[in-house]
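**Q** make a model of this:
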Amino acid sequence: MQNQPSLRQQIEANGLILIAIAMVLIYWVFDSMASEQVFTRVVIVCLVIVYGVMTQSLINGRKAALAEKERTQEQLIQSESLAAIGQLVAGIAHELNNPLASASSLIQTDIELLEEQEEKRPVFEELKKDLAYSLKELNKTKGIVKSILDLSRQTQTYLEDVNMNAVIDEALQVLYNQYKAMDVVIEKQYDPDLPTLQGNFSNLGQVLINIINNALQALPEGRGTLWLSTACDPKAESIVVACRDTGVGIPPQTLKDIFKPFFTTKEVGKGTGLGLYISHEIVHKHGGEIRVSSEVGKGATFTINLPCRRCGAS
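**A** Below is the predicted model of the structure:
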């Protein structure tokens with residue numbers, strides 16, 4: 001629930017109306033001393049109050065327009081920054097791809113050579129473990145690089161018929177082994193008549209996996225509730241997907257940075273800081289928008305809007 005505005009905020013939002021009422025009271029007091037023309041006074045009182053209401057409405061409308069303009073400018077700046085950083089990251093990823101592949105290949109060859117020398121196996125056991133661990137880490141790095149390169153390429157098809165209910169279900173299936181031992185309740189609130197949209201099923205699945213995974217990790221002591229919902233917004237001709245959790249929440253100073261590449265609040269070695277960045281870029285390539293709202297100690301809500309003309313036609 002949203003907090004009720006304070007008395008000070010109400011006064012600031014309706015200042016001119018209060019001034020108009022004060023003027024009316026002052027006028028009434030002084031006019032009463034000199035005249036008994038009640039009708040004239042009533043007309044003047046009404047005119048002054050109407051003037052105050054209309055002026056205050058105009059000011060409030062101007063404030064709202066300025067606030068919306070600032071919000072749009074901030075989003076534009078963020079999108080341009082992400083695009084510039086994304087191009088830089090994709091270029092670096094491309095340069096890293098070849099040496100990573102070469103190093104992985106050499107390590108794999110060395111492991112196979114050691115395994116062939118059965119008589120020397122005890123001597124090289126620790127070396128084999130170190131090489132196997134190095135290969136595992138290199139493959140993990142190659143996976144990150146591949147994700148970035150896939151994201152930067154324009155060759156993927158976005159013309160599949162995608163049902164977002166099915167996308168969420170598949171994401172939950174992928175993450176099942178992670179949350180099956182947790183004390184978590186997952187509530188599904190799907191629109192049963194949700195139309196399909198044009199997009200890439202695999203990429204949108206990656207978005208939901210990242211968001212749901214973050215929500216699970218945010219639950220204190222692995223306990224809490226996740227709400228996953230889908231809905232059709234005919235006015236905006238879009239499908240709305242939401243993931244809400246009862247986790248620890250995201251501090252206000254962190255919200256503006258969570259979609260930046262390599263930004264993470266997780267411990268070292270537990271996060272790359274690319275999950276939400278990649279999710280943001282995938283949604284953007286689908287012509288959509290991803291937003292987050294949060295309150296520390298009460299959880300966070302990620303909302304995805306994806307264009308779907310069939311919503312407007314239904």
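**Q** could you use CA atoms for every contact and neighbour count after this?
**A** Will do.
**Q** where's Cys46 relative to Arg223, distance?
**A** Cys46 is 58 Å from Arg223, where distance means C-alpha to C-alpha, to the nearest Å.
**Q** and for Met182?
**A** As judged by C-alpha to C-alpha, Met182 and Arg223 stand 7 Å apart.
**Q** for these two, indicate the residue with more neighbours.
**A** Neighbours were counted for Met182 and for Arg223 using other C-alpha atoms under 10 Å; Arg223 has more, 17 against 14.
**Q** thought the more buried one was touching Lys180?
**A** No: the pair Arg223 / Lys180 is not scored as a contact, 11.6 Å apart, by C-alpha atoms under 8 Å.
**Q** what about His280, how many neighbours?
**A** 22.
**Q** buried residues, the one helix or strand it maps to. List them.
**A** Using DSSP states H and E, His280 sits in helix 275-285. Buried positions in helix 275-285, judged by neighbour count with 16 or more other C-alpha atoms under 10 Å: 275-283.
**Q** how about the helices in the stretch 201-314 of the chain?
**A** In the stretch 201-314 of the chain, the segments counted as helices under DSSP state H, counting those that start in this stretch are 201-218, 252-255, 275-285, 309-313.
**Q** rebuild those as TSV, extending it with mean pLDDT.
**A** Supplementary listing: those in TSV, determined by pLDDT from 0 to 100:
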stretch	mean pLDDT
helix 201-218	90
helix 252-255	85
helix 275-285	87
helix 309-313	76
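**Q** distance to Ser102 added to those helices, as TSV?
**A** Below are the helices of the stretch 201-314 of the chain laid out as TSV (distance: least, C-alpha to C-alpha, whole Å):
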stretch	distance to Ser102
helix 201-218	28
helix 252-255	38
helix 275-285	26
helix 309-313	47
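**Q** and those helices: which comes nearest Ala236?
**A** helix 309-313 (7.3 Å; C-alpha to C-alpha).
**Q** can I get stretch 302-313 in PDB, CA atoms only?
**A** Only the C-alpha atoms of stretch 302-313 are listed here, as PDB (Å, rounded to 0.1, in the frame of the first residue of the first chain):
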ATOM      1  CA  PHE A 302       9.600  -6.500 -11.200                       C
ATOM      2  CA  THR A 303       7.200  -5.600 -14.000                       C
ATOM      3  CA  ILE A 304       7.700  -6.300 -17.600                       C
ATOM      4  CA  ASN A 305       5.500  -4.800 -20.400                       C
ATOM      5  CA  LEU A 306       5.800  -6.400 -23.800                       C
ATOM      6  CA  PRO A 307       3.900  -5.100 -26.900                       C
ATOM      7  CA  CYS A 308       1.100  -7.300 -28.100                       C
ATOM      8  CA  ARG A 309      -1.500  -5.900 -30.600                       C
ATOM      9  CA  ARG A 310      -3.700  -8.900 -29.900                       C
ATOM     10  CA  CYS A 311      -4.300  -7.400 -26.500                       C
ATOM     11  CA  GLY A 312      -5.800  -4.300 -28.100                       C
ATOM     12  CA  ALA A 313      -7.900  -6.400 -30.400                       C
END
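**Q** neighbouring contacts of it?
**A** Applying C-alpha atoms under 8 Å, 6 or more residues apart in numbering, the contact partners of stretch 302-313 are 195-198, 211, 232-244, 283, 286-293.
**Q** please redo it, this time with the cut-off set to 6 Å
**A** For stretch 302-313, the external contacting residues (C-alpha atoms under 6 Å, 6 or more residues apart in numbering) are 197, 232, 234, 237-243, 288-292.
**Q** ranking the residues you listed by neighbours, who comes first?
**A** Greatest neighbour count in the contacts of stretch 302-313, by other C-alpha under 10 Å, goes to Ile239: 27 neighbours.
**Q** any idea how far that one is from Ser229?
**A** Plainly put, Ile239 is 10 Å away from Ser229 if you go by C-alpha to C-alpha.
**Q** determine the three-state secondary structure at Lys188.
**A** Here Lys188 is strand, with the state taken from DSSP: H, G, I helix; E, B strand; the rest coil.
**Q** now for Ile59: which residues touch it?
**A** Listed by C-alpha under 6 Å, 6+ apart, Ile59 has no contact partners.
**Q** pLDDT score for it?
**A** Listed pLDDT for Ile59 reads 75.
**Q** and it, how far is that from Gly224?
**A** 44 Å.
**Q** Leu172 now?
**A** For Leu172, the distance to Gly224 - C-alpha to C-alpha - is 16 Å.
**Q** okay, now the domains of the protein?
**A** Using automatic domain parsing, the domain parsing of the chain gives 96-152, 160-313.
**Q** out of those, nearest to Leu66?
**A** Closest of those to Leu66 is domain 160-313, at 19.7 Å (criterion: C-alpha to C-alpha).
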